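Novice: can't give you the sequence, but here's the structure:
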Ligand code: 4AZ
């Protein structure tokens, strides 16, 4: 994904990523999601992953109702709807725990163009209901969850470092939220209305390829969706997440309609 983003972005991010690689190239590959730890799906039972027509895990997602899964728009659009699968209740990819369900409908935020322009959010309607519990979405009174410095947790099945191996099992990592002004200093395309950043100034802990679409959590609430970054876990380069509070009311309204309650 990142490669695609870089390609699409052209000059702006090429310059940026050049700088990033120069500063952190020595660290790349040394740090094992990056810098996290193996976790039990029991602690994140709403965490799911998306598979393509060949059953390859390529993104994450979050159960938000018995029949709906939140993910990134770029994940939802990466695979034809008829080829898209959602794996629920499976911590270890090689196991046959849980189930794989199909997708009947894909909603993508109307303004979505590419991750760097924001609105990187989608809701998949599953072809059958699942028993995994729904994660909590933010309410407008939840602004405090976005306070810079707040420790957030990102979970997923993504790579252990940029272009590195996939762990094959669920991992989680803790990353502090970064202020909007700091993040716009790092990324010229950062948009505080639709994105939020998280990461340690020193790098070493981050979401990485394959984590896209998965949740960023504070106190059990999904405050973000893994969206983009420049590499993984590079110093001074936070991960960028879709700002869930911007979309929560719309998503909730849609859930109410589709579940009929
Ligand atoms: C990706 O390619 C990706 N470090 C997701 C998140 C980040 C980098 C890459 C953030 O899906």
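Specialist: Cool, got the structure. Values in this document were obtained by computation on a predicted structure and should not be read as measured data.
Novice: Which residue is the nearest non-sequential neighbour of the residue in the stretch 101-250 of the chain positioned nearest to the ligand?
Specialist: As assessed by Cβ to the nearest ligand atom, the ligand sits closest to residue 229 within the stretch 101-250 of the chain, at 2.6 Å. For glycine as for every other residue, the C-beta is placed from the backbone atoms N, C-alpha and C. Nearest residue to residue 229, sequence neighbours excluded (Cβ to Cβ, 6 or more residues apart in numbering): residue 239, at 4.5 Å.
Novice: For that neighbour, the count of nearby residues, please.
Specialist: Number of residues near residue 239 (other Cβ atoms under 10 Å) recorded here: 31.
Novice: returning to what we had before: burial check on the residue of the stretch 101-250 of the chain closest to the ligand, number of neighbours?
Specialist: Residue 229 - counted by other Cβ under 10 Å - has 31 other residues nearby.
Novice: right, and it touches residue 238 too?
Specialist: Yes: with contact defined as Cβ atoms under 8 Å, residue 229 reaches residue 238; the gap is 7.3 Å.
Novice: interface residues of this structure facing the ligand?
Specialist: Within the chain, the positions near the ligand by Cβ under 6 Å from any ligand atom are 1-2, 206-209, 211-212, 226, 228-229, 232, 239.
Novice: Show me the two of these that sit farthest apart.
Specialist: 1 and 206 (13.8 Å; Cβ to Cβ).
Novice: Mind checking which of those two has more residues around it?
Specialist: With neighbours defined as other Cβ under 10 Å, residue 1 and residue 206 compare such that residue 206 has more, 29 against 21.
Novice: now the residues of the chain next to the ligand in CSV, with distance to residue 55?
Specialist: Converted to CSV, those look like this (distance: Cβ to Cβ, whole Å):
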residue, distance to residue 55
1, 19
2, 23
206, 26
207, 22
208, 21
209, 18
211, 18
212, 18
226, 21
228, 25
229, 26
232, 24
239, 27
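Novice: residues near residue 96, how many?
Specialist: Neighbours around residue 96, by other Cβ under 10 Å: 8.
Novice: Which stretches in the stretch 151-261 of the chain count as strands?
Specialist: 151-156, 171-178, 195-198, 215-218, 221-228, 239-243 (DSSP state E, counting those that start in this stretch).
Novice: between the ones you listed, which one is nearest to residue 38?
Specialist: Across those, residue 38 has its closest neighbour in strand 171-178 (5.7 Å, Cβ to Cβ).
Novice: Show me what the closest one is packed up against.
Specialist: strand 37-38, strand 151-156, strand 195-198 (3 or more Cβ pairs under 8 Å, 6 or more residues apart in numbering; DSSP states H and E).
Novice: Tell me the gap between it and the middle of its chain.
Specialist: Its chain's C-alpha centre and that of strand 171-178 lie 12 Å apart, by Cα atoms, centre = their mean, to the nearest Å.
Novice: Name the surrounding residues that touch that strand.
Specialist: Under the criterion Cβ atoms under 8 Å, 6 or more residues apart in numbering, residues 33-39, 43-44, 146-157, 196-200, 205-207, 216, 218, 238-239 lie in contact with strand 171-178.
Novice: Out of those, which end up buried?
Specialist: 33-36, 39, 44, 146, 152-157, 196-200, 205-207, 216, 218, 238-239 (16 or more other Cβ atoms under 10 Å).
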